[in-house]
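Novice: Sharing a model that was predicted from the sequence below.
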Amino acid sequence: MKRRLLELAHARSGDKGDTANVGLIARKPEFYPVLVKEVTAARVARHFKGMITGPVERFELPNLKALNFLLHGALDGGGTISLKTDAQGKVFSTALLRMEIDVTRRKRK
Amino acid sequence: MKTVRIAAGQGFWGDWLEAPYRQVTDRGTPIDYLMMDYLAEVTMSILQKQKTRDPAVGYATDFVTQMERILPTVVERGIKVTANAGGVNPRACAAAVAAVARKLGLGGKVTIGIVTGDDLLGRLDGLIARGHDLKNLDTGRALRDVRDTVLSANAYLGAAPVAAALQRGAQIVITGRVTDTGLTLAPMMHAFGWSADAWDLIAAGTVAGHIIECGAQASGGNCLDRWDSIPDLANVGYPIVEAREDGTFDIVKHPGTGGRIDVACVTEQLVYEMGDPREYITPDGVADFTTIKLAQAGKDRVRVSGVKGKAATDKLKVSIAYFYGYKAIGTLVYAWPDALAKARAADRILRQRLDQLGLRFEAIHTEFLGATATHGSLALADIDPDQIPEVQLRIGVRARDKAPVDRFTREIAPLILNGPPSVTGFAGGRPKPEEIVAYWPALIDKRMVEPSVELVAA
């Protein structure tokens, strides 16, 4: 079964230079292992294909049931140089939440 | 156990003007400290420009206006204030606050601490000559490549000099480029006598600072989780750290205020602008965000514990601003039918004209607001693009020279009469070229920077 990340997680994003960060937070603790398994750096890089020019890094925060993604080359130079509306990467968070992931094996009654 | 309450008053220069007043006057949770963060990355260059024109300015003037409003309460209740409102001219800022104190009849009752030593602008050539390359952390280029265009250069100072000012009896501490987190950590170091190498405690105070440094972002503002049930954001209560000397702390707000403090919202703030969570580096130490434990300890009360830290590095980050070039952004609005297709056609036509004029830009960036501006092609996956009711075409250009940017600003309006139909929204007139002041992050050997503390009486 496929579910949209928005149902399983919430998120906040921000910037550091030309890099956007997206913190992805499980809405329930039991969703966290699903996020760890499905929302890999490679998957996120594919999701944002054409929107970012650099690689994607992922960090795990099991204590917060959260993953942190760094999307490099996401902000057209970032800061004041950027010509983007979202020059500070504020809504990459919800763009990530559009992703659909397979939760078949984690399906609960 | 001893506790102190540190309240967030401003998350950035331009934040809600009512917040500091409410934080100090509300009696629900009496506060000991008010922390106000004013400095974003390019703020220093704006202030430096102002100071070049007038040596008496170059600080966050809003802070002085705020102090005029809250100083009587601050003095009456013995609340201490930490603020990096000093910008590139902390002494002038302190003098302005002292003048306000005297005007309010509080002369002799307020001691102001001033923290300086962050400003490296006058020392840059000497530092470069002595082999400090100040390489751009993102690109690796040495600063000498853009030396002639540098407008400001400030090292990020930590909590230590702010704590020293409090120790010496300052009630209001005004600083230049002190880290946002340092403004919250310093009161804890001072109140609890934490030593500068108690790394877990330093990390805990740093995490507290990170949570409240963006104001209401920790108390329901910009919170995505169940956002539509967050109560009374019109009267949002800004966060308050209720800190204990063992390094644990609660995030709370004044009772009866709006907003929400829960684990979900605090977690969102913890991951905001996060890099490697195991290494949150400040001048004071290195915090490991993977050790933080959060628990809901009551209504609008989140308990934070377990924070571990490591020793500070031997470097300080330096925030350098330099003149980069020019940019301009023009917009037009296209209406149904085929709003997106018309906007795309207008973009193609405009780009062809710019090309025919032989104009050279470093970048031309087109967005279609209402369609793909924020989420790119992901946004079109589930909708019929032909049915979008309206689209704002937004085209930006960037160049090192002003001339092509100027010419670009004259190419938008003609499209209304000589481009695709159903177009409007040009009421603002021709776009204005803007100067770009860019940010150059670098590192410097900590021994090259000597923070300095002085006290003045109002």
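Specialist: Yes, it's here. Numbers count the residues shown, from 1 in each chain, chains lettered A, B, ... in the order given.
Novice: The helix or strand where B:V173 lies packs against which elements?
Specialist: Element membership for B:V173, per DSSP states H and E: strand B:172-175. Counting by 3 or more CB pairs under 8 Å, 6 or more residues apart in numbering or on different chains; DSSP states H and E, the packing neighbours recorded for strand B:172-175 are helix B:61-77, strand B:80-83, helix B:90-103, strand B:111-116, helix B:160-167. For every residue, glycine as well, the C-beta is placed using N, CA and C.
Novice: Could you rerun that using 7 Å?
Specialist: The helices and strands touching strand B:172-175, judged by 3 or more CB pairs under 7 Å, 6 or more residues apart in numbering or on different chains; DSSP states H and E, are strand B:80-83, helix B:90-103, strand B:111-116, helix B:160-167.
Novice: Kindly reformat the ones you listed as JSON lines containing mean pLDDT and mean neighbour count.
Specialist: Output for the helices and strands packed on strand B:172-175, formatted as JSON lines (pLDDT from 0 to 100; neighbours: other CB atoms under 10 Å in any protein chain shown):
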{"stretch": "strand B:80-83", "mean pLDDT": "98", "mean neighbour count": "28"}
{"stretch": "helix B:90-103", "mean pLDDT": "98", "mean neighbour count": "21"}
{"stretch": "strand B:111-116", "mean pLDDT": "98", "mean neighbour count": "24"}
{"stretch": "helix B:160-167", "mean pLDDT": "98", "mean neighbour count": "23"}
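Novice: Relative to chain A, which of these is closest?
Specialist: Proximity to chain A (CB to the nearest CB) singles out strand B:80-83 among those, at 22.4 Å.
Novice: Could you list the paired strands of that closest one along with their orientation?
Specialist: According to DSSP bridges, strand B:80-83 has the following sheet partners: strand B:33-36 (parallel), strand B:172-175 (parallel).
Novice: what's the most buried one of those strands?
Specialist: Of these, the one with the most neighbours on average (mean count of other CB atoms under 10 Å in any protein chain shown) is strand B:172-175, at a mean of 32.
Novice: can you list contacts of it?
Specialist: Contacts to strand B:172-175, defined as CB atoms under 7 Å, 6 or more residues apart in numbering or on different chains, come from residues B:81-86, B:90, B:93-94, B:97, B:110, B:112-115, B:162, B:165-166.
Novice: Please apply the same query to stretch B:371-387.
Specialist: So stretch B:371-387 is in contact with A:50-51, A:85-86, A:91, A:95, A:98, B:338, B:340, B:367, B:388, B:391, B:394, going by CB under 7 Å, 6+ apart.
Novice: and of those, the nearest to B:C214?
Specialist: Taking CB to CB as the measure, B:C214 sits nearest to A:V91 out of those, at 16.2 Å.
Novice: which residues does the closest one contact?
Specialist: Here A:V91 is in contact with A:S13, B:T374 (criterion: CB under 7 Å, 6+ apart).
Novice: go again using 10 Å as the cut-off
Specialist: A:A11, A:S13, A:A20, A:V22, A:T85, B:A373, B:T374, B:H375 (CB atoms under 10 Å, 6 or more residues apart in numbering or on different chains).
Novice: What of B:M1?
Specialist: So B:M1 contacts B:F192, B:R244, B:E245, B:D246, B:T248 (CB under 10 Å, 6+ apart).
Novice: What distance do you get for the first one to B:Y439?
Specialist: Meaning B:F192. Note on B:F192: its distance to B:Y439, by CB to CB, to the nearest Å, is 35 Å.
Novice: How about the third one?
Specialist: Applying CB to CB, the value for B:E245 to B:Y439 is 37 Å.
Novice: Could you report the distance from B:L417 to B:K317?
Specialist: As judged by CB to CB, B:L417 and B:K317 stand 51 Å apart.
Novice: In terms of neighbours, single out the busier of the two.
Specialist: B:K317 (18 against 7; other CB atoms under 10 Å in any protein chain shown).
Novice: residues touching the closest residue to the more buried one other than its chain neighbours, list them.
Specialist: Of all residues not flanking B:K317 in the chain, B:Y156 sits nearest, at 4.7 Å (CB to CB, 6 or more residues apart in numbering or on different chains). By CB under 10 Å, 6+ apart, the contact list for B:Y156 reads B:39, B:84, B:118, B:176-182, B:282-283, B:316-319, B:441, B:444, B:449.
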